[in-house]
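Student: here are the coordinates; sequence isn't available:
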């Protein structure tokens, strides 16, 4: 992009973008993060209306919540990731229970996991159908919709189905902090965030809880 004052950033405002222009052509890295991943079974009838036309099953993301405007803008503009700002907390209490909450004018999600066992990298292959692993990295192929709304003068909008990738790199390689345990998920909702339309059948499932050191990698396909 070029302004009269010279070449500037990739996203608007072009002279003070929320994220660097290199983001658009390379990748976004998040390091030293903690991740709680819960696998749950949901009623397919409750999620079918949320899928794009022509998509029957995929890693399609109907909702993402983040805690900063740069992450929200980059995700929405580059990959069509449906990001909103929210209040996210992830703690481990004195009883070894992992508690994750998402709030946005009301509690939208609560995750509780009772940590029981530590996993090695090879044991991640239990989930290889969902998360293919190469060495200490697992990859999730994702789908989202990037849209430009129609203009008031009648100019039609644009909708694009985008494939991108999220990669977890677990470090240190020799002894990553990966844990498993029994879990449950509760979805709430407000008139503006209808997560409770998704019906969870059961969530007594595995957790991957990565410790303090590692990298979350985001890359558009």
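Tutor: Now that the structure is in, tell me what you want to look at. Note that the structure is a prediction, hence the values are computed from the model and not measured.
Student: now this protein, which segments are flagged as low pLDDT?
Tutor: 1-2, 7, 21-26, 203-221 (pLDDT under 70).
Student: buried sites along the helix of greatest length in it?
Tutor: Ranked by number of residues, the top helix in the chain under DSSP state H is helix 69-74. For helix 69-74, the buried set under the neighbour-count rule, 16 or more other C-beta atoms under 10 Å, comprises 71-74. Every C-beta, even on glycine, is put in place using the N, C-alpha and C of the backbone.
Student: what comes into contact with that helix?
Tutor: The contact list for helix 69-74, computed with C-beta atoms under 8 Å, 6 or more residues apart in numbering, reads 11, 18-19, 23, 28, 66, 83-85.
Student: returning to what we had before: okay, the buried residues of helix 69-74 in a markdown table with distance to residue 187 next?
Tutor: Listed next are the buried residues of helix 69-74 as a markdown table, based on distance: C-beta to C-beta, whole Å:
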| residue | distance to residue 187 |
| --- | --- |
| 71 | 22 |
| 72 | 21 |
| 73 | 26 |
| 74 | 26 |
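Student: and the gap between residue 176 and residue 39?
Tutor: 19 Å (C-beta to C-beta, to the nearest Å).
Student: which residue sits closest to the residue nearest in space to the middle of the chain, ignoring its sequence neighbours?
Tutor: Using C-alpha atoms, centre = their mean, the residue of the chain that lies closest to the mean C-alpha position is residue 64, 5.7 Å off. Nearest non-adjacent residue to residue 64, counting by C-beta to C-beta, 6 or more residues apart in numbering: residue 83, 4.6 Å away.
Student: that neighbour contacts residue 65, correct?
Tutor: Yes. Between residue 83 and residue 65 there is a contact under C-beta atoms under 8 Å: 7.0 Å.
Student: show residues contacting stretch 153-162.
Tutor: 52, 54-55, 79-80, 143-151, 220-221.
Student: residue 136: which of those residues is nearest?
Tutor: Residue 136 has its nearest neighbour among these in residue 221, at 21.3 Å by C-beta to C-beta.
Student: I figured the residue nearest to the centre of the chain was touching residue 79, is that so?
Tutor: No. Counting by C-beta under 8 Å, residue 64 stays clear of residue 79, with 9.9 Å between them.
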